[in-house]
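Enquirer: sequence and predicted model, in that order:
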Amino acid sequence: MDTFLQIVANGLMLGGLFAIVAVGLTLIFGIVKVINFAHGEFLMVGMYLSFLLSTGLDVHPYLTAAAVAPALFVLGALTQRLLIQPLMSARDEHVQIFATVGLSTALMNLALLIFGADIANTPAHGVRSQVMLGEVRILTGQLWVLAAAVALVIGLQLFMKKTRTGRAIRATAQNRAAARLMGINDKFIYILTFGIGAACVGLGSSLIAPLYPTSPTIGTYFVLIAFVCVVLGGLGSIPGAFFGALVIGLVDALSGFYIGSDLREAVVFTIFLLILILKPSGLFGTRMNLSHVSP
Amino acid sequence: MTRASDTPMTAHRLGLIAVAVLLAGLVAVPVAVGDQFVYHIFITICIFAALSTAWNIVGGYAGQLSLGHAIFYGIGGYAGVILVNLGISPWIGMFAGAAVAVVAAIVVSWPCFRLHGPFFALATIAFLEVFRVLALHFRELTGGATGLMIPLKIGWEWMVFRERLPALLIAFGMLLVCLAVAWAIRSHRLGFYLVATRERESAAKAAGVGTVKVRLMAVAVSAALSAMVGTFHAMYLTFIEPESMFSLQFSIQIAMFALIGGIGTVWGPLLGAMLLVPITEFARGALGSEAIGLHGFVYGVVLMLVVLFLPNGIMGLVHRFTAAPGKTVGEQAAPVAAAPRSAEPREAGREVMRVEGLQKHFGGLHVTNDVGFTLREGEILGVIGPNGAGKTTVFNMLSGFLKPDEGKVSVLSPSGEWQQPVTPGDFASIGVGRTFQIVQPFAAMTVEENIMVGAFHRHPHVGDAREAARETAHRMGLGPYLNAEASSLTIGGLKRLEVARVMAMEPRILLLDEVMAGINQTDVRRAVDLMLSIRDTGVSIIAIEHVMQAVMSLSDRVIVINSGQIIAQGDPHDVVRDAHVIEAYLGKDFTHA
Amino acid sequence: MLEVKNVDAGYGSTVILQDVSLHVEPGEVVTIVGANGAGKTTLLRTISGLVTPRTGSITFEGRDITRLAAHETVDRGVTLIPEGRQLFPDMTVRDNLLMGAYSRHARDYQDDTLHQVLELFPRLRERLDQHASSLSGGEQQMVAIARGMMARPKLLMFDEPSLGLAPIIVAQVFEVIAQVAATGTTVLIVEQNVFHTLKAADRGYVLENGRMVLSDDAEALLQNDHVRQAYLGI
Amino acid sequence: MKLKSLLTATAAAALLAGAAHADVKFGALYPFSGGLALLGEESFRGVEIAVDEINAAGGIKGEQIELVRGDAVDNNQAIGEARRLISREGVKAILGTYSSSRSIAASQVAELSGIPYFELGAVADEVTGRDLQYLFRTNPTAETMGIMTIDMIVDEIAPGLGVAPEDLVIGVIHEDSAYGTSVAGHQERYGAEKGLNIATVQGYPTSTVDMSSLVLDLKDRGVNIVLQTSYQNDSVLFLNQSAEAGFEPDAIIGGGGGYSLTATAEAVGDKMDGVLDVDFTQYAVNTEFTPGLEDFLAAYQAKYGEDPRSGHSLNNYVGAMAVLEGIGAGEGFEPDQIVAAAKAIDIPSGATAAGYGVHFGEHNQNDRAMMMGMQWQDGKLVTVYPRDAAVAEFQIGD
């Protein structure tokens, strides 16, 4: 029983980790309607920035979020402005996918060029210490990630519901043409959304950096899992992505223990496929933004 | 006219000569240079071009962006190697691999057809990951991570050679096969159906295309070809492992060659591979040893630039330079005047369609309430009613696009039995053709090709279908625009194209949804004549119309629908005098006007 | 106030409007009638900046707005209430209305305008916290009009406001339009329901096949033989 | 026709340009780009130092050696580069390859072309298991590694803990590529032969971001000896997550990869202390057993201005030295002469900088190749096994 509880706890913590990556992705995927294959590389870039800042200035990696999140915002906004936007009107939506694949390849290899294939270690500054909940052990760093993910989800929800800009983002996602008629500059909204999505993962990367060694390929694993969480939670739904991530974290941890660690990926992707095929609006799906799925 | 058709012909012939020269070069250059490394590069070009061409059948023609095509390549590779180790020649193994790949392709694709664009791409990636993990897990069969090797048995029988020429010839042969299949599909009915399905699935269904069936055929063919190339490549590599056989990177690369060459074109993937493989090889040689990652960085940047500045690929560029100067399609000629209406009063024909008690709800909305009527042979039935009254919903139920909650639609088959078709395909094959209120041209096809999609319904051969399409086009006044892209027509032209496509199906019952809307008065009169002449050939017509003038002069009978219910039906002149109709349709104040 | 001169416009290589000109004076109610597909909607989309004309010019209050993007046109005081309502389905009625006041010049008066608009549409007050998608067709059209008014437009354009509505609701919609006009807002309506809209308008244009074929006082158009035959079926 | 002759001319020019200076050419086929580039490059440095040393001493058979690099970034590329080296560059033999799958693919090409191929670093059994005529391997294999791990448990760890070897509960975990899978396979097989209790064998993807379930599984099974064959990221994850789950096995034995790298030790801090490792010979070793090691280190320092990043360079250096000197002692540079010369190589154990001797036995595998057992002590990886190469005592138990 203790082991089971520990696995559940591990799964939830892992879910928090996935969530903080997936939340930004669901914004970009759900609102700009672009599959951002470079999202994992955004995480990687953020982690390297955190690493450089926290070792260079000798500060706690969490503090670097103050610089990393804005930096990633700029990266995301530039991606939308220079790479995605020129392709928005392209007849073939495939080209956007290839554009982000190109960006992903370029960023990953740029990191390889600058940092080499070796891992970079962001000093842990105490986030690897443990908290005991009864018999269950949890890392403080992981708790912070989960807490940050919850805060991020709540914060984004409030932003989307209560602010003028947030409403404009939702309006643009729900009906782009009508949004333009309201005086909303849709191009600006897309740039902003892409930026916010990237900034979310920037925040995440500062929290993840002290927990995991950084390498140029760290993003590749996260990005596919994050897509799973996003689809599971219902495209574009921020709380959906969060709960989707928790579910996937649990599935990952449980299948790793009960089925075998070599098959856990297969389990996760099989669940993903079942959701895609049987309920493409996601487990927690809203009705919005399913323009890519025909009835 | 002659010049306009001359130029593309010459360009076409020049293009074919260019392709032939390029293909010959694939064999001639390595033979002339005689260098093993050059052989290797050209074999690699052939393999990638073949895989990319096969991918293009699904990714290009059918428009389903598969990023998991390595599944089929990997299956072919594994089948070949496993069988070779059992002493079976890869020449047999490749067909075994192809068979397994076809099964896998159908299993993978069937559930994914509801998914489009990015979702389909994600699903194929997920399938690929599952395959890779399973290949790692089932070691007894696949050798797990350590992979499988083939014994170095030399000879044609084993596809392993000491000299390079035979391997090149096999790779080249496979490329030719892939190109031939791709070309054959594109220029036959299946290709038209695939492109039509990609462009407008609903219009394709209405034209009697079994959209799921044609897509499955495309996937199956593509998978079989990929698997066969995979078998050969495994023999060429002599060693396979899950990491390289079921690789996402590899899948993306295959798709990318097609993208850069020109997605959906026959020759694009070949051009993409011929350009990119050598560049990649030399770039790797030049940059790879300079600094770790430099080569990959440049590769990624180049990919982004190509996508940004060459979104239609090399073929797009080629077309821009070879295409005949763009014709702007201005005013289209009106349909040729139909034969004068026969003065003889026609006898009311037998019933051909019975509609009984149709009910349809959308959520809480009762959009169709107990709609029932009959249609006779050679009759024109006008359907009027305010916007949003539910006319189009009724049409959708009469053509299989919506399933009624209650009630039934029966159609008299040509052999004289009453049948109840269910799917759009059923309706099409029993002879019910329909147009769409919002025109649904296959934008990437020419006018002629658009009409051919309909004509294939009766004429499976390209030549016959083309003949029938031309004839229909001339009848509809679209003759001069046969080679124009459908997207260049005006609204009026598109409306006519919509009708022409249905007419080419030679339906017995024609459902026309506001075909008069947006065409000018003279044309309305001609269109009325045209419809009457169609009717006089024994075709029954149900027409939703707003142009009252047309409705009055056209219809033998009129049905008025309001709020999902039939509120009046009968002789057109009686119906417009009906008080309910005036109130509902024209507005209460109308009477005082 | 609004001056459209010799405009050609379309989508991709498709030409829809050819050499279209019209003008609207302050305080007028002007209508453009024509069959489905004649190019009426494209004309409104062109004026509002969703479609950029190929040739010709559009000026509003003497300033050129030909190439302005849609959101800039809204800032100048031109608002379009699109065909088929185009509400934001998963947002509440309140949020839909607030989106209407997104443009810079309307933002600061948001609360006042909301108050005024709710005076005009008392039914919406009860519905403020419901999702727009849960309303009936007529109520949705009211929300769409109210949302348009939230932008404090000088020129309010309606695209097929009666589309898909029961006759009794249609009558209500036209009453509302009359009220809007009474507040001094200039109105441009595009309609298929020729009779109703000509009744409500001061002047009218007839658009056929992408070209303006007639222009006259609304009364005169109602009596015009061509109009009566083509659009009223008499 | 024009195009063809132009291409022919270009190719011929390239051929000439390449052939201009060198006296005798050897190919060096390693992954220089892509994910394996770090240790591919490190391996290549060993060969470079060996060639420098031989050239400085007058070359072989009076001729200077020129190394031609080939980039084996993936399997298809490995084949292409092998072909280029053979046909375009006219190399007499190929040295390589670090990665087993690249080695397997490329050596098939060499075999079919009849060019000798010397593997200096790839560990998979299949490299020599195919019985190729022209392929030789100087380095120890996955099997050596597996056997050595088990021997170390039986000879040193069990006695050190004061328990019988069969009472230990052993968990074998490995990354799921060819490297981890084959080492783990040998550990399982040989462990069973020795009567050890192997509780579980589990693979996981290298790129994984979470190993907590695996750790819990090991803990649940009461495992007290963990054998992990891994790269860097997963070594760090396992060590961290074990400590955090309160899983404290009596011994962790790493299989090369991440466990031999200083960066790993830095990443996990003092959790690394006492961790064992079986790998190629590293640098903290009894130099009486590895003559020439100091010279190699000095040469490395001089050429690259840093310390070697792993033992790969050393092992490639030793292999290249043995092979090139062996060829120098032979009849000439024709393939069959090189093969004959290679078969004649006979260097006893304890006579090279890596400690092991060179003698090609069955399947042309160096039957004197061996690995070393090492332990992280005070932040340094020191050799502890076998005893005659050791520079420090085993620290086991309390």
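Expert: Thanks, I have the structure now.
Enquirer: where does pLDDT dip in the chain?
Expert: All of this refers to chain A. A:1, A:90-92, A:284-295 (pLDDT under 70).
Enquirer: switch to chain C, that's the one I care about
Expert: Scanning chain C for pLDDT under 70 picks out C:12-14, C:36-37, C:164, C:166-167, C:230-234.
Enquirer: where do the strands sit along it?
Expert: Ranges of strands in chain C, per DSSP state E, are C:2-11, C:14-24, C:29-33, C:55-60, C:63-64, C:78-81, C:155-159, C:186-191, C:203-208, C:211-217.
Enquirer: and what of chain D?
Expert: D:24-30, D:65-71, D:93-96, D:117-119, D:135-137, D:169-175, D:197-204, D:225-229, D:251-255, D:276-279, D:372-377, D:380-385.
Enquirer: so which bits of the stretch 51-200 of chain A are right by chain B?
Expert: Neighbours of chain B within the stretch 51-200 of chain A, by CB under 8 Å from any CB of the partner chain: A:83, A:86-87, A:90, A:92-95, A:97-99, A:101-113, A:116-117. (C-beta placed from N, C-alpha, C; glycine too.)
Enquirer: now for the residue positioned nearest the centre of chain C: which residues touch it?
Expert: Per CA atoms, centre = their mean, the C-alpha nearest to the average position across chain C is that of residue C:158, at 1.7 Å. Residues in contact with residue C:158 (CB atoms under 8 Å, 6 or more residues apart in numbering or on different chains) are C:81, C:145, C:177, C:187, C:188, C:189, C:190, C:191.
Enquirer: among the strands of chain C, which is the most enclosed?
Expert: Highest mean neighbour count of the strands of chain C: strand C:78-81, a mean of 28 (counted as mean count of other CB atoms under 10 Å in any protein chain shown).
Enquirer: which of the strands of chain D sits closest to chain B?
Expert: When those are compared by CB to the nearest CB, strand D:65-71 sits nearest chain B, at 4.5 Å.
Enquirer: direction included, what does the closest one pair up with?
Expert: Applying DSSP bridges, strand D:65-71 is found paired with strand D:24-30 (parallel).
Enquirer: identify all contacting residues around the partner strand.
Expert: So strand D:24-30 is in contact with D:40-41, D:43-44, D:47-48, D:51, D:59-61, D:63-72, D:78, D:81-82, D:85-86, D:89-98, D:102, D:106, D:324, D:333, going by CB under 8 Å, 6+ apart.
Enquirer: longest helix of chain C?
Expert: When chain C is parsed with DSSP state H, its longest helix is helix C:167-182.
Enquirer: what's that helix in contact with?
Expert: Against helix C:167-182 from outside (CB under 8 Å, 6+ apart): B:386, B:583-584, B:587-588, C:27, C:29, C:120-121, C:137-138, C:141-142, C:145, C:149, C:156, C:158, C:161-162, C:165, C:187, C:189, C:193, C:196-197, C:199-200.
Enquirer: what is the burial count for the nearest residue to residue B:419 once chain neighbours are set aside?
Expert: Spatially, and ignoring its direct neighbours in sequence, residue B:419 is nearest to residue B:413 (5.1 Å; CB to CB, 6 or more residues apart in numbering or on different chains). Residues lying near residue B:413 (other CB atoms under 10 Å in any protein chain shown) number 15.
Enquirer: please, where are all the strands along the stretch 101-250 of chain A?
Expert: Along the stretch 101-250 of chain A, counting by DSSP state E, counting those that start in this stretch, strands occupy A:130-133, A:136-139.
Enquirer: same list (these) but as CSV, adding mean neighbour count.
Expert: Compiled in CSV, the strands of the stretch 101-250 of chain A are given as follows (neighbours: other CB atoms under 10 Å in any protein chain shown):
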stretch, mean neighbour count
strand A:130-133, 12
strand A:136-139, 18
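Enquirer: may I see the buried residues of the longest helix along chain B?
Expert: The residue-count maximum for a helix in chain B (DSSP H) belongs to helix B:2-33. Buried residues in helix B:2-33, counted by 16 or more other CB atoms under 10 Å in any protein chain shown: B:11, B:15, B:19, B:23, B:25, B:26, B:27, B:28, B:29, B:30, B:32, B:33.
Enquirer: can you add distance to residue A:133 and pLDDT and give those back as TSV?
Expert: Converted to TSV, these look like this (distance: CB to CB, whole Å; pLDDT from 0 to 100):
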residue	distance to residue A:133	pLDDT
B:11	74	69
B:15	71	81
B:19	69	88
B:23	69	92
B:25	70	91
B:26	66	92
B:27	70	91
B:28	73	92
B:29	69	92
B:30	68	90
B:32	74	91
B:33	70	88
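Enquirer: any weak-confidence spans in the stretch 351-500 of chain B?
Expert: The model of the stretch 351-500 of chain B has pLDDT under 70 over residues B:363-364, B:386-388, B:491.
Enquirer: if anything else comes up later, I'll come back, but that's it for now.
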